[in-house]
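**Q** Need coordinates for the below:
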Amino acid sequence: MKQQGCSVEGIPTADLNKVRALIVGEGMLKDERYQRYRSRVTLYVKNGGTLIVIEPEYGVDDREEIPVLDALLLTVERRKDHDKGGYDSYVFPEDYHHPLWRGIEKKHLQMFNGALGGEMVSQHDIWIAGPHTILARCGLHLSVVAAAEIAIGSGKVIISRIQSRGRLVGNHQSGSIYERRTDPVAQRYILNLVWYASKLSNVSANAISGERIAT
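**A** Here you go, the predicted structure:
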């Protein structure tokens, strides 16, 4: 994010009145540090901010109910697909013209890690308590939520399950076809995600230099 000109701060020290988007990374919803600030984040979203939640299912081995905001609950359950695998390698956007997919072709959404069939979404199902808009689906009969958007007060929460861990930075080279490495599709997707979230935000831009985000 810093390489792309964003000002990045941690939640404990950030002035959320000046933050265009707030990012909670893989599995961090369950971290006590996030839960300590949950009410503050809830107020931020209700007042017009945008919260991005990346891979909320990370680290869930069975079934868990995870509070995202004070009034928003996410249920995550690991899917036991013993005979079929269980990882989804192809994501289908609801609308290919949505800003999340800018610069990403249909074929790119089945080619993570530079190989057909690369893992994109883990073998979990999620249920969002309350009205929401599906942005992308995957899985058998397209029944699995890959990305979704939720309106809370004047703000938004974006749930993104497309995996980007190990794919954004670094120059690791490996002979393994499925090992994670720097991936331009993942990079483009995350940049699109942050850009879209910042444009949704109703936080005043007067005090912002560039795009300001907190994690």
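
**Q** all helices of this structure, in order?
**A** 32-36, 38-46, 184-200 (DSSP state H).

**Q** Quick one, which of those helices gets closest to Cys6.
**A** helix 184-200 (7.1 Å; C-beta to C-beta). Just so you know, the C-beta spots here come from the backbone N, C-alpha and C atoms, and that holds for glycine as well.

**Q** Provide a list of residues in contact with Asn202.
**A** Counting by C-beta atoms under 8 Å, 6 or more residues apart in numbering, Asn202 touches 47-49, 154-155.

**Q** any idea how far it lies from Gly49?
**A** Distance, Asn202 to Gly49, by C-beta to C-beta, to the nearest Å: 7 Å.

**Q** Next: Asp183.
**A** 29 Å.

**Q** Poorly predicted segments of this protein, please.
**A** For the chain, the stretches with pLDDT under 70 are 81-87, 111-118, 171-179, 203-215.

**Q** can you give me the strands in it?
**A** For the chain, strands defined by DSSP state E occupy the ranges 7-9, 21-24, 50-54, 63-69, 72-78, 92-93, 124-128, 133-138, 144-152, 155-160, 212-214.

**Q** so can I have JSON lines of those strands showing mean neighbour count and distance to Gln187?
**A** Putting those into JSON lines (neighbours: other C-beta atoms under 10 Å; distance: least, C-beta to C-beta, whole Å) gives the following:
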{"stretch": "strand 7-9", "mean neighbour count": "16", "distance to Gln187": "16"}
{"stretch": "strand 21-24", "mean neighbour count": "24", "distance to Gln187": "15"}
{"stretch": "strand 50-54", "mean neighbour count": "24", "distance to Gln187": "14"}
{"stretch": "strand 63-69", "mean neighbour count": "17", "distance to Gln187": "25"}
{"stretch": "strand 72-78", "mean neighbour count": "18", "distance to Gln187": "26"}
{"stretch": "strand 92-93", "mean neighbour count": "16", "distance to Gln187": "18"}
{"stretch": "strand 124-128", "mean neighbour count": "17", "distance to Gln187": "24"}
{"stretch": "strand 133-138", "mean neighbour count": "19", "distance to Gln187": "17"}
{"stretch": "strand 144-152", "mean neighbour count": "21", "distance to Gln187": "17"}
{"stretch": "strand 155-160", "mean neighbour count": "24", "distance to Gln187": "14"}
{"stretch": "strand 212-214", "mean neighbour count": "23", "distance to Gln187": "16"}
